[in-house]
Structures are given as C-alpha cells and as structure tokens.
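# Following is a predicted model, sequence given first.
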Amino acid sequence: MRTFIIITVLSALAACYGAAVLPSEKVMSEGITIVYDVDSPNGRVMSRSDILDPLFFLLSESTINVPAIPGEVQKAGITYQAPVGVTIGRVTITLYANLPADTQNSPLGSNYVESLVTSRPGHAINGSIAVYRWAD
C-alpha cells in the first residue's frame, strides 16, 4: 500500500512539473494559435506544433498581414466556402506578434465559415487563419 501511494504522489508531481514548465523560446517564436473546434467552440490557445492532428485535413490557409496605424483598430479575416458535403470541423488563428483584442468565428459544422481578427488600437495583425475538415 505504501508503494502505491509513493508511486501515485510521484506521478502527480511529474504531471504538475510538465504543466508548469514554460515553452521554449523556439516554440514561442512560432507564435500562438487559437483553436476553435467541437471540443473548444470558444477557442483554446495552443502552440503551432501542438495542433498537428491526424483527425483533421487542411482545406485552406490564408496569411493575414495588416500594418499598424497609430491609435487605429485593424481588422482582418476570411470567408471560406467548402464544396457541398464537406463539413468544417476546425478553424485555427495563428498570430506571430501581438495578441488580438477579439476574434470571431461563425459556428462550425457546415461547409461555410467566417473568421475575423480585431487588433488592439495601434497594433498590427500578422499571422494566418486555417480551415480544416474531419479526416476520412
């Protein structure tokens, strides 16, 4: 019984350490990615390398680069219409410089999606928006 408790405590400590370690500088230079899918309809932040998933197939990826204008809010987005019968299951927004003030996406589960990124006043928008379908 004592061995079981020790193993359980050590496992919990190892899990906590893994969650507490900050990402490397290389991972951070890849930007942050906000993922919208069935599990996270309001979005969750992941590193670009963490979003590789064999359950999804890339349909479209668009680069968004909008320069900063002092005191102005910038907006950039995409509209994507997939062929009939294709269901969009994931949208990712990757940003390389500044965090956005807001992101908006139309609901997933159809063959149409709109995605919009709004900057903070005076900030640029640099990144990409990708649309995925479920893999067969």
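Yep, that arrived.
# For the rest of this, base every contact and every neighbour count on C-alpha atoms.
OK.
# pLDDT below threshold where in this protein?
For the chain, the stretches with pLDDT under 70 are 1, 4-30, 48.
# residue closest to the middle of it?
The centroid of the chain falls nearest to residue 34 when counting by C-alpha atoms, centre = their mean (2.2 Å).
# need the strands for the chain, in chain order.
With DSSP state E, the ranges of strands along the chain come out as 32-37, 44-47, 56-66, 75-81, 88-95, 102-105, 112-118, 125-134.
# which one of the ones you listed is the most hemmed in?
Of all the strands of the chain, strand 88-95 has the most neighbours on average by mean count of other C-alpha atoms under 10 Å, namely a mean of 24.
# Please work out which residues outside it touch it.
Strand 88-95 is contacted by residues 31-38, 48, 56, 82, 108-113, 125-134 when judged by C-alpha atoms under 8 Å, 6 or more residues apart in numbering.
# Just the CA trace of that strand, in PDB.
Output of strand 88-95 as PDB, limited to C-alpha atoms (Å, rounded to 0.1, in the frame of the first residue of the first chain):
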ATOM      1  CA  ILE A  88     -15.700  22.200 -41.500                       C
ATOM      2  CA  GLY A  89     -14.500  20.900 -38.100                       C
ATOM      3  CA  ARG A  90     -11.700  23.300 -37.000                       C
ATOM      4  CA  VAL A  91     -10.500  26.800 -37.500                       C
ATOM      5  CA  THR A  92      -7.100  28.000 -36.300                       C
ATOM      6  CA  ILE A  93      -5.800  31.500 -35.900                       C
ATOM      7  CA  THR A  94      -2.000  31.800 -35.600                       C
ATOM      8  CA  LEU A  95      -0.600  35.200 -34.600                       C
END
